[in-house]
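A.B. asks: Pasted the sequence and its predicted model underneath.
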Amino acid sequence: MAQRILEPGEIETLAQRSIPRVRLPARATVFARRASRLRDLSTSIGIGDYLRFLAVLVDAQHSLLADLSVCIPTPAHLKASAGHGMPPIQPAAWPRTDAWFETLKGICDALAAHPEFPLGVSETVSRLRRAPREWIEAQADALLQCGDQAIDGAAAPLVMAALQVHWAALAASFTADAVRALDVPGLCPLCGSQPVASVVYAQSPYQGYRYLHCALCATEWHMVRVLCSRCGASGKSIAYQSAMVGAKQENDGSAAEAAVRAETCEQCRCYRKILYQEKDPQVEPVADDLASLNLDLLLGQSGYHRASGNPLLWQPNGN
Amino acid sequence: MSELTRRQFLKVTGVSLVGSSLALMGFSPGKALAEVREYKLTRATETRNTCPYCSVACGILMYGLGDGAKNAQPSIFHIEGDPDHPVNRGTLCPKGAGLIDFVHSASRLKYPEYRAPGSDRWQRISWDDALERISALLKQDRDANFVAKTPDGLTVNRWLTTGMLAASASSNEAGYITHKVARSFGLLGFDNQARV
């Protein structure tokens, strides 16, 4: 929330510059930053042991991504998707190669090397190792919203993690200029998935702009602020709620300092979290979303629904 | 298909956590559920508006607190340029950057006031009195100083002793009407949103 100061000569250049519409994931940092953020956040919260487990999982994603090569979309494919206004690498239409299956094996191997986690983790790993390929593919389809098999909640974060590696590699192969905006502003322009949360950046050239973060391919795309990312409502329907320890009353000013807030919408009664880099430079959408589980619980008590889940924490629908 | 749409949004509760990946893999949600009792929701708002000062009409974001309840007084604690606004892209001039003090100023003008010549105090007057007095003074000034012809005999429509600064967020229609009125008066010292 700092006031933006222009240097001499900047006014002229500012006039021609447009808002950077897309931030693509960088192979070298996307998972490394997430793992380190998960470790940092794990020390102070109730589900810290789960975050430490996820940090190991995300470390594995990082090292597997380094060696992964993917088939990138052909110019003809890109042209066809653009012509139909469809995201170019949407999971329902983009074929998963054997590479993603190898990635899942790699993740299982990495987790098997950590006996300190609860028994459920090693059980899940061995279940996945034994599972037939068709079952795993059906799980992946279900998690990517293009299949209807019952989801194995314990295996879900592992399967999702392997898919993320695959799709992050695909997304990283694009250039920002080549990404076309969709008609639906709340979906990822590359893979059409739902965002996990949004971030308001503090650093130039992204200062003050809000980006939605794709839960699958980690692409970030610009969306105007004070706007419900699910239903498009704006104005008085939108509020920013945060969970504060010992807040005496709702109006005591502490809401102004939170780095993680929920952008709640009275029109659709849903929310997604919004992270303010200015309040905490290290915010990372997937990690901070998980670490603010208490905010989800409080909002759940108040009758709000999450607009979309977190890729690394599958939850059944309680309604 | 209904299965798919239902899964898109979910209410996070103790029950959903007990059935979540976390619990299924043997991690305990108990601590998180106990911890939440120490927390309370606090609420803030961000509201889009237009800077009231000049005809450039910069977009602003006003940060407020308050629960949105009918009787609660929302309190604005910060104002900044709206980064998404095409006119100012998040920037504000020094006047606009000081808007928060304008909102909370102890001497903020909330109704017409009048200070008689020679007096040292302001007195509150009604809108009718204010408008009547303003129009009378405007007419008096225009009658005395209106220029209908230049020294070399050219017919003009000039009222140079009064200026007008109007509107920062008005519609096309309001801009049109303001222009018609001000130009018919002969006002040349005139700034209005219709300029931009």
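C.D. replies: Yes, it's here. Residues are numbered from 1 along each chain as shown, chains lettered A, B, ... in the order given.

A.B. asks: what residues are up against B:L187?
C.D. replies: By C-beta atoms under 8 Å, 6 or more residues apart in numbering or on different chains, B:L187 lies in contact with B:159, B:162-164. No exception for glycine: its C-beta is placed from N, CA and C like everyone else's.

A.B. asks: who's it bridged to?
C.D. replies: Note on B:L187: beta-bridge partners B:W159, judged by DSSP bridges.

A.B. asks: For chain A, see how far away it is.
C.D. replies: The gap separating B:L187 from chain A is 30 Å, by C-beta to the nearest C-beta, to the nearest Å.

A.B. asks: ok, back up a step: mind checking which of the contacts of B:L187 land in helices?
C.D. replies: Among the contacts of B:L187, no member is found in helices (DSSP state H).

A.B. asks: Spell out for me the PyMOL command that would select the buried members of the residues you listed.
C.D. replies: In PyMOL, a selection of the buried entries from the contacts of B:L187 looks like this (16 or more other C-beta atoms under 10 Å in any protein chain shown):
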select buried, chain B and resi 159+162+164
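
A.B. asks: closest to chain A among the contacts of B:L187?
C.D. replies: Distances from chain A to those, taken as C-beta to the nearest C-beta, are shortest for B:G163 (26.5 Å).

A.B. asks: picking that back up, mind putting the contacts of B:L187 into TSV with pLDDT?
C.D. replies: Compiled in TSV, the contacts of B:L187 are given as follows (pLDDT from 0 to 100):
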residue	pLDDT
B:W159	96
B:T162	95
B:G163	93
B:M164	89
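
A.B. asks: and the closest residue to B:L22 other than its chain neighbours, what is it in contact with?
C.D. replies: Leaving aside its sequence neighbours, B:L22 sits nearest to A:Y50 (C-beta to C-beta, 6 or more residues apart in numbering or on different chains; 4.9 Å). Listed by C-beta under 8 Å, 6+ apart, the contact partners of A:Y50 are A:290, A:313, B:22, B:25, B:27.

A.B. asks: and those, which of them are in helices?
C.D. replies: A:290, B:22.

A.B. asks: Out of the contacts of A:Y50, which end up buried?
C.D. replies: Among the contacts of A:Y50, the ones that count as buried by 16+ other C-beta under 10 Å are A:290, A:313, B:22, B:25, B:27.

A.B. asks: Of those, which is the nearest to B:L138?
C.D. replies: Nearest to B:L138 out of the buried ones among the contacts of A:Y50 is A:L290 (C-beta to C-beta; 64.9 Å).

A.B. asks: My read is that the closest one contacts A:G48, right?
C.D. replies: No: under the criterion of C-beta atoms under 8 Å, A:L290 makes no contact with A:G48, lying 10.6 Å away.

A.B. asks: what residues are shared contacts of these two?
C.D. replies: Residues touching both A:L290 and A:G48 (C-beta under 8 Å, 6+ apart) are A:L41.

A.B. asks: if I pick B:S119, what's in contact with it?
C.D. replies: Applying C-beta under 8 Å, 6+ apart, no residues qualify as near B:S119.

A.B. asks: Confirm for me that A:I89 is in contact with A:S193.
C.D. replies: No: using C-beta under 8 Å, A:I89 makes no contact with A:S193, being 9.8 Å away.

A.B. asks: Between those two, which contacts overlap?
C.D. replies: Residues touching both A:I89 and A:S193 (C-beta under 8 Å, 6+ apart): A:C217.

A.B. asks: The two: which has the busier surroundings?
C.D. replies: Set A:I89 next to A:S193 and count neighbours by other C-beta atoms under 10 Å in any protein chain shown: A:I89 wins out with 27 against 23.

A.B. asks: Break the chain into its domains for me.
C.D. replies: Unless you meant another one, I'm taking chain A. A:22-178, A:195-245+A:253-306 (automatic domain parsing).

A.B. asks: look at chain B instead
C.D. replies: B:2-38, B:44-104, B:124-195.

A.B. asks: Please dump these into JSON lines; it should also carry distance to A:P75 for every row.
C.D. replies: Output for the domains of chain B, formatted as JSON lines (distance: least, C-beta to C-beta, whole Å):
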{"stretch": "domain B:2-38", "distance to A:P75": "32"}
{"stretch": "domain B:44-104", "distance to A:P75": "32"}
{"stretch": "domain B:124-195", "distance to A:P75": "45"}
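
A.B. asks: Low-confidence ranges, chain A, go.
C.D. replies: A:1-4, A:11-17, A:247-255, A:318-319 (pLDDT under 70).

A.B. asks: Which strands or helices does the helix ranked longest in chain B pack on?
C.D. replies: For chain B, the helix with the greatest residue count under DSSP H is helix B:127-145. In terms of contacts (3 or more C-beta pairs under 8 Å, 6 or more residues apart in numbering or on different chains; DSSP states H and E), helix B:127-145 is packed against strand B:113-114, strand B:155-166.

A.B. asks: after that helix comes which helix or strand?
C.D. replies: Using DSSP states H and E, the helix or strand that follows helix B:127-145 in sequence is strand B:147-149.

A.B. asks: neighbouring contacts of that following strand?
C.D. replies: With contact meaning C-beta under 8 Å, 6+ apart, strand B:147-149 is reached by B:155-160, B:186.

A.B. asks: What subset of those residues is buried?
C.D. replies: Those of the contacts of strand B:147-149 that meet the buried threshold are B:159, B:186, by 16+ other C-beta under 10 Å.

A.B. asks: just curious, which of the contacts of strand B:147-149 is nearest to chain A?
C.D. replies: B:L160 (32.0 Å).

A.B. asks: you'd agree the closest one is up against B:F190?
C.D. replies: No: taking C-beta under 8 Å as the definition, B:L160 is not a contact partner of B:F190, at 11.0 Å.

A.B. asks: For the residue of chain B most remote from its centre, list the residues it contacts.
C.D. replies: Distance to the chain centre peaks in chain B at B:G26, reaching 53.1 Å (criterion: C-alpha atoms, centre = their mean). Neighbour list for B:G26: A:117-121 [criterion: C-beta under 8 Å, 6+ apart].

A.B. asks: Since that was my last question, I'll sign off now.
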